[in-house]
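A.B. asks: whatever this is, show me its structure:
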Amino acid sequence: MGKFGGFPGGMGNMQNILKQAQKMQKEMQEKQEAVAAKEIETSAGGGAVVVKATGDKVIKEINIKPEVVDPDDVEMLQDLILTAVNEALNKADSMLQAEMGQFNIPGMF
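C.D. replies: As a prediction, this is how the structure comes out:
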């Protein structure tokens, strides 16, 4: 065992580990920012409802074709909106996991 708490190589090795951790943290932040800047577009009902969101799960736009607005069937429109929004949020999660998976930190994402 080396000195300073059992780190082989002493403090020099510990400083190296800290530098690597800082580098990884910076890379992770850059990846998160890149994902946040990406735009996702999903639709439901064959394009009747289109949702645009960012990679950081901010809904930017919802477009609804006028022909699907039926006052007698509001539930269908609500379901289409929920479907499109949830798909956009799931895509954002998947995109983040794909980008951050390279860091291989269990339980992080």
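A.B. asks: just the helices in this structure please.
C.D. replies: 3-6, 11-37, 74-100 (DSSP state H).
A.B. asks: which of the ones you listed sits closest to Glu61?
C.D. replies: Nearest to Glu61, of all the helices of the chain, is helix 74-100, at 10.3 Å by C-beta to C-beta. C-betas here are computed from N, CA, C, even on glycine.
A.B. asks: report the rounded mean pLDDT for that closest one.
C.D. replies: Averaging pLDDT along helix 74-100 yields 92.
A.B. asks: for it, packing partners?
C.D. replies: helix 11-37, strand 39-44, strand 49-54, strand 59-64 (3 or more C-beta pairs under 8 Å, 6 or more residues apart in numbering; DSSP states H and E).
A.B. asks: I'd like these laid out as a markdown table, including mean neighbour count and mean pLDDT.
C.D. replies: Shown next, in a markdown table, are those (neighbours: other C-beta atoms under 10 Å; pLDDT from 0 to 100):
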| stretch | mean neighbour count | mean pLDDT |
| --- | --- | --- |
| helix 11-37 | 12 | 85 |
| strand 39-44 | 17 | 94 |
| strand 49-54 | 20 | 96 |
| strand 59-64 | 13 | 96 |
